[in-house]
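**Student:** Sharing a sequence plus its predicted fold:
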Amino acid sequence: MSPDPGIYLDHGATAFPKAPGVSAAVTRFIDKEAGNPGRGGHRLTVAASRAIEGAREDVAALLGSDPERTLLGPGATFWLNTVLSSRLGSGDRVVTSALEHNAVMRPLRYLESTRGVEVTVVEGEDPRGVPTPQEVAARVAEAPTTLVVLIHASNASGGVLPVAEVARAVAPVPVVVDAAQTAGGLAIEFATLGVAALACSGHKGLLGPPGIGVLLLAPGFEVEPLVRGGTGSRSESEEMPDFLPCRLEAGTVNGPGAAGLGAACRWLREHTVEKVLEHEQGLVKRLADSLREIPGARLHGWEDDRPHTGILSFTVEGADTGELAAWLDRERGIMLRAGLLCAPAAHRRLGTFPDGTLRAGVGPFNTRDDVDSLVVAIRDAAEGRMSS
Ligand SMILES: Cc1ncc(COP(=O)(O)O)c(C=O)c1O
């Protein structure tokens, strides 16, 4: 017997369920296409290459990027590390926001302590911690700057950062974007966004499987590989090939992951990111409006009519966030995430450090009933009815 599916409201962590067609594409790859892509010329290797290159085209079509400069790898974390460690060395300066996830802050702090990279954090006046283009540009203007790195939307609050406007304001300094929380949830047209690089997960808003993520590179913005190895191309050479995607994709690409991600991107194109966004924003607004009515419940980083993703952070006075999340799962079948959400810097900025918040994240398949069940449960918790 399958376990009770419960109510999944943790799309900020990963999407569940995945898009229709994802598991079929993963299974088809495993059962029928699982040669090693690009290695040799037999029919199974050709089938694998075709599946992966098809998926690359699907991702590029959704995100408006050049397929050759659309790289597939383990996830946003891997690609952010690749870009940051490639582009930042001794004497370099990077400007970033106060809302970054540890996928950016940890590599930056590491590069600060090991290579002497100067890390400047823009606090921003906005209570949500979202910096304006002018605020970022002002910090960039203080000293020669190598790179600007920005989260596209906070995974702690959902607040969206104006990355295209920042890119225009700081040009020609390249802007690198962590779009883990926005790809698939906000429409992204990379070719016209004006940023140098964008990394995202395949398993969140893109609705694909875990273990696959994407890096998009603008023309002329080159990065060195973080790992080197076989690519199936130029095997006579002991150096990495100088062309993309091989240069940045050492080792066997995650074929099932890529095939699943391709199917998810096809689904998103068919159903449109705009419709997904409208659905998710409607649910989040409903949740925000209802939670605000509950005495003791407090929203963090939410302001009406400001650009926001499908997540909402909140706390309940007197309740430990971890205990409340465990109770919601155990007693009400509602799954969401609690704590610092891998973003201690953001919680410091939002004033919710060290306890963190509860984060509800809706996806394309959630309903008003899901949201309303959470509201009922939070009202019960706030009114002290947490025993059942
Ligand atoms: C803002 C942000 N950046 C990066 C990551 C890491 O993404 P991945 O799981 O693809 O490495 C996450 C996931 O939690 C995230 O929310």
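**Tutor:** Alright, I've got the coordinates.
**Student:** got a list of what R332 touches?
**Tutor:** R332 sits next to 7, 373, 377 when contact means C-beta atoms under 8 Å, 6 or more residues apart in numbering. The way it works is simple: take the backbone N, C-alpha and C, and place the C-beta from them, glycine included.
**Student:** pLDDT score assigned to it?
**Tutor:** R332 carries a pLDDT score of 97 in this model.
**Student:** Over to V140?
**Tutor:** pLDDT, V140: 98.
**Student:** Could you pull up the residues touching it?
**Tutor:** Neighbours of V140 in contact, by C-beta under 8 Å, 6+ apart: 95, 148, 170, 173.
**Student:** Next step: the residues you listed restricted to strands.
**Tutor:** 95, 148 (DSSP state E).
**Student:** Rebuild the contacts of V140 as CSV, extending it with distance to the ligand and pLDDT.
**Tutor:** Formatted as CSV, the contacts of V140 follow (distance: C-beta to the nearest ligand atom, whole Å; pLDDT from 0 to 100):
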residue, distance to the ligand, pLDDT
V95, 18, 98
V148, 16, 98
V170, 20, 98
V173, 21, 98
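**Student:** TSV please, covering the contacts of V140 and showing neighbour count.
**Tutor:** Output for the contacts of V140, formatted as TSV (neighbours: other C-beta atoms under 10 Å):
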residue	neighbour count
V95	28
V148	27
V170	21
V173	21
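**Student:** one step back: pick out whichever of the contacts of R332 sits closest to the ligand.
**Tutor:** I7 (20.5 Å; C-beta to the nearest ligand atom).
**Student:** rewinding a little: and the contacts of V140, which is closest to I311?
**Tutor:** Set against I311, the nearest of the contacts of V140 by C-beta to C-beta is V148 (23.7 Å).
**Student:** and the closest one, what is it in contact with?
**Tutor:** Listed by C-beta under 8 Å, 6+ apart, the contact set of V148 reads 94-96, 136, 140, 166-167, 170, 173-176.
**Student:** Most widely separated two among those residues?
**Tutor:** Farthest-apart pair in those is V94 and A167; separation 15.0 Å (C-beta to C-beta).
**Student:** Neighbours of L62, how many?
**Tutor:** Neighbours of L62 under the rule other C-beta atoms under 10 Å: 26.
**Student:** same question, F365
**Tutor:** Around F365 there are 17 residues (other C-beta under 10 Å).
**Student:** I believe it is in a helix; please confirm or correct that.
**Tutor:** No: per DSSP: H, G, I helix; E, B strand; the rest coil, F365 lies outside any helix segment and is coil.
**Student:** From G208, how far off is it?
**Tutor:** Counting by C-beta to C-beta, to the nearest Å, the gap from F365 to G208 is 15 Å.
**Student:** Please apply the same query to L358.
**Tutor:** 26 Å.
**Student:** more neighbours, those two?
**Tutor:** It is G208, of L358 and G208, that has more neighbours when counted by other C-beta under 10 Å, with 34 against 27.
**Student:** Might you report the residue contacts of the more buried one?
**Tutor:** Going by C-beta under 8 Å, 6+ apart, the list of residues near G208 reads 15, 18-19, 22, 202, 257, 260-261, 263-265.
**Student:** Get me the contact residues on the stretch 51-200 of the chain for the ligand.
**Tutor:** The stretch 51-200 of the chain has residues 75-77, 101, 103, 151, 155, 178, 180-181 near the ligand, with proximity defined as C-beta under 6 Å from any ligand atom.
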